[in-house]
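In: Give me coordinates for this.
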Amino acid sequence: MERKRKVLITGAAGRIGSFLTGDFAAHYDLVLTDVRQPQDTHGFPFTLADIADMAAIRPLCDGIDTVVHLAADPSTSATWESLLPRNVIGLYNVFEATHQAGCRRIVYASTVNTVFGYPFDMQVHTHMPTRPLNLYGATKVWGEAVGCFYADQLGLSTICLRFGWVVNRNSEALKPEAPYLDVALTYEDLGRLVRGSIEAPDNLRFGIYHGVSDNRFKRLDISDARIDLGYQPQDDAFVLAGVFPQRRTSGHPE
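Out: Reported below is the predicted structural model:
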């Protein structure tokens, strides 16, 4: 029987961390950490720890195959004082702890906010310069840069995922007039994207990928995520919102 990968999830008590814990329960041997207790650990070990505390985070990375780093201050209106401990210092601590422990890979949760400064009618590709609209997005750019350093200079395989508007596919927020349908990412597609990042070949040393569903219009291009990560999103936010009927076929242009 093939041994399951051991995966550490930081920020495990958050809404994304909570979903991934349940979604990955049958696939991986999970280790969970956060500054608060998750509602459901699904029987996996949990450690109360703050990523701003290197001494608390470092031991959690021992024996880990992949770190899925979700922990952060996620507020787009957060102040520098709020962002500094987790999005800057804590981010460094997690990367350094992952490196010191000899982990195979880190999957870093970045955000659409790193490039949200582009015009609304322009599709953003991963090769384009970052253009954050807020300080939160700027700290996530820092995270991508740190990931590039650890990958290129220290050999730590790093995959950065720019999550769009993460939303439940049955959410009442998915309505025709919703402003962010073109960057929507359902939880189910998010799970597919993160799992593809964990399972991507070992020789994928570094990459930044956009995380949106298979929306009729995509503000963020996902063509490289399809190729490199085998990402096959199944949901279309415009269909879920009732703007368009369900497609009859797959295999359509971006």
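In: from here on, contacts and neighbour counts on C-alpha atoms
Out: Noted.
In: wait, doesn't residue 176 sit right on residue 238?
Out: Yes - counting by C-alpha atoms under 8 Å, residue 176 touches residue 238, with 7.3 Å between them.
In: And these two? Which one has more around it.
Out: residue 238 (22 against 15; other C-alpha atoms under 10 Å).
In: helix, strand or coil for the more buried one?
Out: Three-state assignment for residue 238 (DSSP: H, G, I helix; E, B strand; the rest coil): helix.
In: how about it, what does it touch?
Out: Applying C-alpha atoms under 8 Å, 6 or more residues apart in numbering to residue 238 gives the contacts 176, 181, 182, 215, 216, 244.
In: hang on, isn't the second one packed against residue 215?
Out: Going back to what we said before, that points to residue 181. Yes - between residue 181 and residue 215 there is a contact under C-alpha under 8 Å: 7.4 Å.
In: Show me where the stretch 51-200 of the chain has its strands.
Out: For the stretch 51-200 of the chain, the strands defined by DSSP state E, counting those that start in this stretch cover 66-69, 105-111, 157-163, 165-167, 184-186.
In: Please work out which of these is packed deepest.
Out: With neighbours defined as mean count of other C-alpha atoms under 10 Å, these peak in mean count at strand 184-186, which reaches a mean of 28.
In: re earlier: the strands of the stretch 51-200 of the chain into CSV, with extra columns for distance to residue 14 and mean pLDDT?
Out: Below are the strands of the stretch 51-200 of the chain laid out as CSV (distance: least, C-alpha to C-alpha, whole Å; pLDDT from 0 to 100):
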stretch, distance to residue 14, mean pLDDT
strand 66-69, 12, 98
strand 105-111, 12, 98
strand 157-163, 14, 98
strand 165-167, 12, 98
strand 184-186, 16, 98
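In: Could I get the full set of helices for the protein?
Out: Ranges of helices in the chain, per DSSP state H, are 15-24, 54-57, 80-83, 91-100, 135-154, 187-199, 223-229, 237-240.
In: tell me what the third one is packed against?
Out: If you count contacts as 3 or more C-alpha pairs under 8 Å, 6 or more residues apart in numbering; DSSP states H and E, helix 80-83 packs onto helix 135-154.
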